[in-house]
Structure formats: C-alpha cells, structure tokens
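Colleague: Predicted coordinates and the sequence they were generated for:
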Amino acid sequence: MVEHGDLLGLLPEDTLADVLRRLVPRDLATARCVRKALRDIVDDRRLLLPHLLPHKVGGIFINFHSKGFWELFSRPSAGPVVSGWFHFVPGGTENVFKPPPLDHCKGLFLFNGKYVFNPATRKYACLPPRPPPVMTKQYFYEDPYLLYDPAVSPHYEVFLIHRIAYKSEPRCTSYRADRDALDPAIEKLEWPPSPYVLHVFSSKTAKWEQRSYLREGEGAGTVADVRFNSLFYEKRYAIYLRGELYFHCEADFVMRISLLNNKFQVIKPPKDNEVSLFNGLYLGRSKTGIQCAKVDNSGHPCRLRIWILKDLRGQMEWLLMHQANIGPMLPRHEYNQPIGGSWMLQDLNYYEIQHKYYGKKETIAVPEKFEWESDNDDVLETGDRVYDGCKHITFLGFHPYKDVVFLAESSRRGLAYHWNSSKIQLLGNIYPKEPCIGQFPPISETFLYTPCWMEELPLSN
C-alpha cells in the first residue's frame, strides 16, 4: 500500500504547484498546514501572495490639525476592521493634541518612530533605541521612514533621513538670531553631502547600522540655498519602489537612493513648479510609476498638475502628464445639505471625546457593507458642476493601481479624480464632527492605506 507522502513525492513539483494554485485562498492555507512539503511549495512559490496583497486601496489615513488620533476615510467593507485606534501598540490609544508620527509602506505602519505594525493582523515589533545622530542635532532632524516590499521579502528597514531645521529669514518679524541663525560654516556646506551617511535599521539583523551613499551628479545647492525653501509644516513623503527610495527634500528636490549600488541622485523639481512654503509637491506612486502633483489654489481656479518621472538620456526629469482646472468641474454644495457618497470618516476623535468626557458610548453608524470597486459609483455629471469660485482643493494621494488621484474640496468632500478621462467621483464627507481649531488648514498629513494580510512580521511580539 502506497503512503500519501509517497504519492506526493511521485508528483512533479510543477504539477503539484499548479494544482495548489487552483485552490481558493482558505483551502490553500489549509493545505499549507498539512505537510512540510506542501508548505515549502506554497512558500517558495509564494502562491498565497496574490491573496495576501490585494491590489486595492483600503482607505485614506488623515491627520487633522488639533486632533489626537489618525482618522481613516474609507468605504466600509465586510473584512476585518482597520482604524486609527491602535490599541494593540504601546501608546496607540493615548489621546494627545497631536497624534504621534505615522509612516506607511505597503501595508505596514511605522508608529512614533518606535514600532512597526500591521493593522490588519495586529502584530507589532518594537525597534531598539536610535543611535546618536550623524549630523548636529541643533541644525538637522532625523525623520524615520519605513521600507517594505512583501512581494520580495518579509523583512523591512527603517531609514533615518535628515531634514534641515526650518529657520525664519532675517527679514521676517519672527526672526531671532539666537534661535534662527545657523553656523556660517554649516550654511556653506553642500546639500546633500557626499558621501551621505545614514542610520538604517534592518529586521534581518535586528540592529541599527550606518550606511554610506555616494552622489551621482550635482547636489541641490548649499544648506543656505535650500533651508529657506523648506516646507514649514507639511510632511515629506517617500516612495520605495524596486530597490530604490525616492524622498521629497527641501526646495521640492527629490533624492533617489539606490539600495542596490549604494549611490544617490538629486532630481530637480519640475521646471514650471513654483516653490511654496505652504503648498509643496506631493510625491507618490501610481500604476504608471513615480509621480508628483501640485494643486495651485491661488491665481488659478484650483489648477491641478501631475508630472511623471522619466529617464531622459541618463538624466531623471519630470514630464508634465496632465493639468486641469478642477474648480469649474466641482459640484456646488450648500453647507446645510447632506454631502452623500459611500465613503465614511470613522470619527474616532469625536467618539473618544463623547465617551471620555461625557460618558456617552455612541457607535459609528455603518451603512450596508460593500467595497469601492466600480469607477462609475457616484460620478458627478456635467450638469451638476457649477463653479462658484470659492473652492479650496487639498491633494490626498495617488491611487497606486489606477490613473486616479484623491482630493478634498474645502476639507469637506472627498473626491476621486480620473485624470485620463476628467471624471470625478464623489466619495463622501471627509470633515470630522468635532471641528478643527487653529490657524492651519484642517488636513495636515495623509497617506493611502493598502492592506497586507501577511501573518509574518519579523521581530514581532
């Protein structure tokens, strides 16, 4: 009598893999647990990967000024609940005036620069203390960024990228020499320096290490040249794609760091871009590649421009792909009228205040569970669009798998703009129930959340 294990051994591995590939995700996961031989085939050929990395947007995380928790703006689904209530991470439910910094890369989060976690599986890993900074702390900050590509490896890395401390110009009324003056020797330094030395944490080694990168081509200028063009309060975005980190630097330059050859390149901003302290470029990734966008709300009826990064004769340059005046395309809306749309803001900040200070245990009203897949849901028809000249557009992010960008109109209505067809979809109300206070625009930071259902998280609890 032939044993089952012997039968598996008689089948060619390619044939067995083809049979396993035809199973539904749950049966495939079950088969993986039956025998080591099956587990090896599933893991080595990453048969579960397409199911664990769905190519869809799970929502948009938003940091509102004066709010204590990150909010998730999304369309309710029947899957596990993901929110800004990170109760499974140390410090994840502390309600403070401003939530801890958050970074995201392909389903993993970096929380407060100390914890890496997956909100879908609720597993987290604690990073060891940071090493002393490479550059003078008085003049340079170190912002942590997460690098992760589960299609290549389950391991992740955290890069500490330098940011020049923002300083007021001498002609500004807020200028103070004891606080804002830099050392003249530092102001003359070339930026970024070469070699560029960074601290990097790797989950493979479970420790921090120094890495050195050599520059190819010209720099962005001196420290003095770029520090006055630093964004005052907006988050700088970074994109990790095919072994390269693209990082948004001062004065709208982009640095491309190659993890393959330990070199970096400084990419100049688009030629027709005007550097602004309060309205910088938004760096992102779409199905087309690395892109950047900018919305000009002054002097134009909400002009949106989208560029793509191309290699032209060995030189990386931005090419303008699309521009449109969004204002005339938007529907007119009275503030006392319902906004509509199928997406919802979870409003954690409102419900936390109601519970903590007023003892009310309200629950979030969730409509029928469904997911946003159709490009034709809630499309704004031409007849609905009446431009009243008073719109303010905030760029929320690029859809990583479609020619779509997400926008917010007057920080109240979430929109999806299909820039290849100029079609606009109404998503829903994006403004929190508890009003934002302060002099800054309500929306401070945003990033698109793409779920990852990988159970494995190196160094996790």
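Modeller: All right, it came through fine.

Colleague: Show me where the stretch 351-461 of the chain has its strands.
Modeller: Listed from the start of the chain, the stretch 351-461 of the chain has strands (DSSP state E, counting those that start in this stretch) covering 393-398, 404-409, 413-418, 423-429, 443-449.

Colleague: and Gln337, what pLDDT?
Modeller: Here the pLDDT value assigned to Gln337 is 68.

Colleague: Please spell out which residues along stretch 205-223 are buried.
Modeller: Taking 16 or more other Cβ atoms under 10 Å as the neighbour-count basis, stretch 205-223 is seen to contain the buried residues 208, 211, 213, 215, 219-221, 223. (Each C-beta comes from the backbone N, C-alpha and C, glycine too.)

Colleague: For that stretch, measure first residue to last.
Modeller: Looking at stretch 205-223, the gap from its leading to its trailing residue is 34 Å under the measure Cα to Cα, to the nearest Å.

Colleague: Please tell me how far Pro132 sits from Ile161.
Modeller: Distance from Pro132 to Ile161, counting by Cβ to Cβ, to the nearest Å: 16 Å.

Colleague: out of these two, which sits in the busier spot?
Modeller: Ile161 (21 against 6; other Cβ atoms under 10 Å).

Colleague: Quick check: phi and psi on the more buried one?
Modeller: Main-chain torsions, Ile161, degrees, to the nearest 10: phi -100, psi 140.

Colleague: Just grab the bridge partners of it for me.
Modeller: According to DSSP bridges, the residues that bridge with Ile161 are Asp143.

Colleague: Spit out the contact partners of it.
Modeller: With Cβ atoms under 8 Å, 6 or more residues apart in numbering as the criterion, the residues that contact Ile161 are 142-145, 198, 238, 247.

Colleague: From these, pick the one nearest Asp43.
Modeller: Asp43 has its nearest neighbour among the contacts of Ile161 in Tyr145, at 28.4 Å by Cβ to Cβ.

Colleague: Help me confirm that that closest one comes into contact with Leu110.
Modeller: Yes - under the criterion of Cβ atoms under 8 Å, Tyr145 is in contact with Leu110, at a separation of 7.4 Å.

Colleague: joint contacts of the two?
Modeller: Residues touching both Tyr145 and Leu110 (Cβ under 8 Å, 6+ apart) are 103, 158.

Colleague: re the thing from before, and the furthest pair within the buried residues of stretch 205-223?
Modeller: Farthest-apart pair in the buried residues of stretch 205-223 is Trp208 and Gly221; separation 29.7 Å (Cβ to Cβ).

Colleague: May I see the domains of this protein written out as residue ranges?
Modeller: The chain breaks down into these structural domains: 7-50, 53-333+389-449 (assignment by the TED database).

Colleague: can the ones you listed go into CSV with extra columns for distance to Asn349 and mean pLDDT?
Modeller: Formatted as CSV, these follow (distance: least, Cβ to Cβ, whole Å; pLDDT from 0 to 100):
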stretch, distance to Asn349, mean pLDDT
domain 7-50, 35, 75
domain 53-333+389-449, 5, 85
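
Colleague: Packed most tightly, which of those domains would that be?
Modeller: domain 53-333+389-449 (a mean of 17; mean count of other Cβ atoms under 10 Å).

Colleague: quick revisit: relative to Gly414, which of the contacts of Ile161 is nearest.
Modeller: Of all the contacts of Ile161, Ala238 has the smallest distance to Gly414: 23.7 Å, by Cβ to Cβ.

Colleague: so the closest one sits right up against Val254, yeah?
Modeller: No - here Ala238 does not reach Val254: they are 9.6 Å apart, not a contact under Cβ under 8 Å.

Colleague: joint contacts of these two?
Modeller: 246-248, 283.

Colleague: export these to JSON lines and tack on distance to Pro451 and secondary structure?
Modeller: Shown next, in JSON lines, are those (distance: Cβ to Cβ, whole Å; DSSP: H, G, I helix; E, B strand; the rest coil):
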{"residue": "Tyr246", "distance to Pro451": "22", "secondary structure": "strand"}
{"residue": "Phe247", "distance to Pro451": "24", "secondary structure": "strand"}
{"residue": "His248", "distance to Pro451": "25", "secondary structure": "strand"}
{"residue": "Leu283", "distance to Pro451": "22", "secondary structure": "strand"}
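
Colleague: Can you tell me which of these is closest to Tyr449?
Modeller: Leu283 (17.0 Å).
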